[in-house]
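[1] sequence below, structure please.
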Amino acid sequence: MVSVKPLDRLTLGDLWREVREEDTFWSDTAERQRALVKHLLEGALEEEMVLLLEAARYRRVESRQGYRNGFY
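    Numbers count the residues shown, from 1 in each chain. As a prediction, the model looks like this:
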């Protein structure tokens, strides 16, 4: 049976033992960083588009300054 330490008693060594291999750790970290950067950039571009058009996606307003033409 495995004993479980309370969270306030865990040491850095205990936490590091949870990491299987160093290469796996860094590849997972790099993948998460790429996903975060992608999410941040897409969000910033969407906000810029809303400000430029003066209308959110799928909104029909008189003050619209242009149209969306799809993007990747």
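[2] name the helices or strands packed onto the lengthiest helix in the chain?
    What stands out as the longest helix in the chain, according to DSSP state H, is helix 22-53. In terms of contacts (3 or more CB pairs under 8 Å, 6 or more residues apart in numbering; DSSP states H and E), helix 22-53 is not packed against any helix or strand. The way it works is simple: take the backbone N, C-alpha and C, and place the C-beta from them, glycine included.
[3] heads up, I number from 809, so please use that
    Sure, I'll start counting at 809 from here, so that last one is helix 830-861.
[4] list the buried ones in it?
    residue 861 (16 or more other CB atoms under 10 Å).
[5] cool, stretch 867-880 as well?
    Under 16+ other CB under 10 Å, stretch 867-880 has no buried positions.
[6] who's in contact with it?
    Residues outside stretch 867-880 that contact it (CB atoms under 8 Å, 6 or more residues apart in numbering): 857, 860-863, 865.
[7] which secondary structure element is home to residue 866?
    Under DSSP states H and E, no helix or strand contains residue 866.
[8] look up how far residue 810 lies from it.
    Separation of residue 866 from residue 810 (CB to CB, to the nearest Å): 52 Å.
[9] and those two? Which one has more around it.
    Set residue 866 next to residue 810 and count neighbours by other CB atoms under 10 Å: residue 866 wins out with 6 against 3.
[10] quick one, what contacts that one?
    Applying CB under 8 Å, 6+ apart, we find residue 866 in contact with no residue.
[11] centroid residue for the protein?
    By CA atoms, centre = their mean, the chain has its centre lying nearest to residue 844, at 3.1 Å.
[12] in three-state terms, label residue 824 for me.
    helix (DSSP: H, G, I helix; E, B strand; the rest coil).
[13] near it, how many other residues are there?
    For residue 824, using other CB under 10 Å, the count is 10.
[14] can you read off the pLDDT for it?
    pLDDT, residue 824: 78.
[15] got the contact list for it?
    By CB under 8 Å, 6+ apart, no residues touch residue 824.
[16] measure it to residue 813 for me?
    14 Å.
[17] low-confidence stretches in the chain?
    Within the chain, the segments meeting pLDDT under 70 span 809, 828, 878-880.
[18] 50 instead, please
    880 (pLDDT under 50).
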